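Asker: predicted model and sequence follow; I will ask about them next.
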Number of protein chains: 2
Amino acid sequence: MTIVLHELVGADVSRPFSPHCWKTAMSLAHKGLPFERNMVCFTKVPEVEGGVSKTVPVIRDGSQVVSDSFLIAAYLEETYPDKPSLFGGDGGQAMARFVESWSQSTLHPALNVVALREIHDMLAPEDQAYFHPSREARLGKTFEQVAERREAEIEGFSAKLTPLRVMLKSQPWIGGSSPRFADYIVFGALQWARVASKAKLLEEGDAVTDWFERCLDLHEGLGRSVPAAS
Amino acid sequence: MTIVLHELVGADVSRPFSPHCWKTAMSLAHKGLPFERNMVCFTKVPEVEGGVSKTVPVIRDGSQVVSDSFLIAAYLEETYPDKPSLFGGDGGQAMARFVESWSQSTLHPALNVVALREIHDMLAPEDQAYFHPSREARLGKTFEQVAERREAEIEGFSAKLTPLRVMLKSQPWIGGSSPRFADYIVFGALQWARVASKAKLLEEGDAVTDWFERCLDLHEGLGRSVPAAS
């Protein structure tokens, strides 16, 4: 049975941008499981699958409904053990949590600044009316105050990727010789930026850029199927 | 046969401080392998095992000589597969490279500043004569210039540990429910600081501090057996 992936979009349903939903799309493709993408806007998230979660991604797999990108990856790994592994063992599953923590505490705060206005502008009016005050409350700053930091965050972004850049001297993927969920975690963050923002964050010739391009090519170009913001 | 671990010391041979050597000491203890610690000062490193490596750790295991803390861990994992795993599978081995890259690109540069003078002062005179110019060349700064940044690095250090702090909300070890080599990578950095420097880098009540204390307790208190700098 085809798995349903509920994921976030703005006014244009062909441009899913959520980093966490991209992690799950890549996870499902990695497992070779057929899935159908159901696009949901911010204000409809509370209705997904009867309101099981405040956030997407949410998947329905037959009678199973699972939310949270990491828990979904763990569910897929456990439920489909004969399909290509997302973690490469218990150690890889645990260490993917470290990669997630790094990505969300280092990359996401920067991208929240860089792409804030652009994400807002992608949304339908009723979602903008939700997004604007909720994000200002979360960030503790007005959009205008956030905008003042944007250029500095763009300039400093490449340096935040240093751990990945250094690692790429040893191996082509965070997963080693092939990609794992940990790659999709970082890919999700950079794909979010690629789809939502026109900011140039990755430089030509950088090992991280080459890795990201390889990610975009995976699974028949799943990531590349949504064009970059322009 | 007892494995020999060659590791770095200063004038006091009871106070090994190298982060990389601590990773290997913990790896050997994790595997439950008997080992003997052979303490070597900076200027004697080129003589270790006939000069196989410019750096320690180096281990001799029967006829096998292996250098580099990560390669040693990989060697131990492959050679002693029935002993407790250092990686928890291929994914964990690969992702430990990410943890290593993060630790060495984020924590080490800060600790190199914080502990530079204190490490120098731990060394015997002939090692100081090597260490002083070689470190100034590597850092591109005089000791005095490095010292100017010391207070700021101490103050900023805790924030660099955020990814680990966030991860510890999900699980007690980087390795998940039990420690793996990835834990010893970060432990090595903080143990280096603990043994070499009087700087207070970890705060009471911080989840990272609690994790580090658990690391010090591991393997019959191997890490704690060397007292903190005082």
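Answerer: The structure has been received and is ready for your questions. Residues are numbered from 1 along each chain as shown, chains lettered A, B, ... in the order given.
Asker: buried ones in stretch A:46-54?
Answerer: Under the neighbour-count criterion of 16 or more other Cβ atoms under 10 Å in any protein chain shown, stretch A:46-54 has A:48-49, A:53 buried. Using the backbone N, CA and C atoms, a C-beta is placed for each residue, glycine as well.
Asker: mind listing what the residue nearest the centre of chain A touches?
Answerer: Centroid check for chain A by Cα atoms, centre = their mean gives A:Pro19 as the closest residue, at 1.7 Å. By Cβ atoms under 8 Å, 6 or more residues apart in numbering or on different chains, the contact set of A:Pro19 is A:108, A:111, A:188-189, A:191-192.
Asker: let's go with 7 Å and repeat that
Answerer: A:188-189, A:191-192 (Cβ atoms under 7 Å, 6 or more residues apart in numbering or on different chains).
Asker: so which of these is the closest to chain B?
Answerer: A:Ala189 (13.2 Å; Cβ to the nearest Cβ).
Asker: could I get the pLDDT score of the closest one?
Answerer: With respect to pLDDT, A:Ala189 has a value of 98.
Asker: would you say it is within a helix?
Answerer: Yes - going by DSSP: H, G, I helix; E, B strand; the rest coil, the assignment for A:Ala189 places it inside a helix.
Asker: wait, it sits on A:Ala110?
Answerer: No - counting by Cβ atoms under 7 Å, A:Ala110 is not a contact partner of A:Ala189; they are 9.2 Å apart.
Asker: skip the chain neighbours and tell me the closest residue to A:Phe98.
Answerer: Using Cβ to Cβ, 6 or more residues apart in numbering or on different chains and skipping residues adjacent in sequence, the residue nearest A:Phe98 is B:Met167, 4.9 Å away.
Asker: tell me how many other residues crowd the one you found.
Answerer: 25 (other Cβ atoms under 10 Å in any protein chain shown).
Asker: could you do A:Phe212 as well?
Answerer: 23.
Asker: secondary structure element holding it?
Answerer: helix A:207-221 (DSSP states H and E).
Asker: quick one, domains of chain A?
Answerer: A:3-79, A:90-223 (automatic domain parsing).
Asker: chain center to stretch A:162-180: distance?
Answerer: 18 Å (Cα atoms, centre = their mean, to the nearest Å).
Asker: in the sheet, who's paired with A:Phe61?
Answerer: That one is not Phe; residue A:61 is Asp. Under DSSP bridges, the beta-bridge partners of A:Asp61 are A:Gln64.
Asker: can you classify A:Asn38 by secondary structure?
Answerer: strand.
Asker: test my guess that A:Ala124 contacts A:Cys41.
Answerer: Yes - contact criterion Cβ under 7 Å: A:Ala124 and A:Cys41 qualify, at 5.9 Å.
Asker: shared neighbours, the two?
Answerer: Joint contacts of A:Ala124 and A:Cys41 (Cβ under 7 Å, 6+ apart) are A:Gly10.
Asker: more crowded one of these two?
Answerer: Of the pair A:Ala124 and A:Cys41, A:Cys41 is the one with more neighbours under other Cβ under 10 Å, namely 17 against 14.
Asker: torsion angles phi and psi at that one?
Answerer: phi -90, psi 160 (degrees, to the nearest 10).
Asker: give me every residue that touches it.
Answerer: A:9-10, A:124, A:127 are the contacts of A:Cys41 under Cβ under 7 Å, 6+ apart.
Asker: show me what contacts A:Leu218?
Answerer: A:Pro179.
Asker: how near is it to chain B?
Answerer: 16 Å (Cβ to the nearest Cβ, to the nearest Å).
Asker: quick one: pLDDT of that residue?
Answerer: 98.
Asker: what's the answer for A:Met1, then?
Answerer: The model's pLDDT for A:Met1 equals 83.
Asker: that one touches A:Arg60, doesn't it?
Answerer: No - with contact defined as Cβ under 7 Å, A:Met1 does not reach A:Arg60; the gap is 9.4 Å.
Asker: higher neighbour count, those two?
Answerer: A:Arg60 (20 against 9).
Asker: what's the closest non-adjacent residue to the more buried one?
Answerer: Counting by Cβ to Cβ, 6+ apart, the residue nearest A:Arg60 is A:Val4, at 4.4 Å.
Asker: kindly report the residues of chain A close to chain B.
Answerer: A:87-99, A:101-102, A:104-106, A:162-163, A:166-167, A:170-171, A:174-176, A:180, A:182 (Cβ under 7 Å from any Cβ of the partner chain).
Asker: tell me the helix or strand right after the host helix or strand of the residue nearest to A:Arg60.
Answerer: Applying DSSP H and E as the criterion places A:Val4 in strand A:3-8. Downstream of strand A:3-8, the next assigned helix or strand under DSSP H and E is helix A:19-30.
Asker: how deep is A:Gly140 tucked in, by neighbour count?
Answerer: 8.
Asker: tell me the contacts of the closest residue to A:Asp12 other than its chain neighbours?
Answerer: Residue nearest to A:Asp12 in three dimensions, not counting chain neighbours: A:Met122, with 6.9 Å by Cβ to Cβ, 6+ apart. Applying Cβ under 7 Å, 6+ apart, we find A:Met122 in contact with A:10-12, A:17, A:196.
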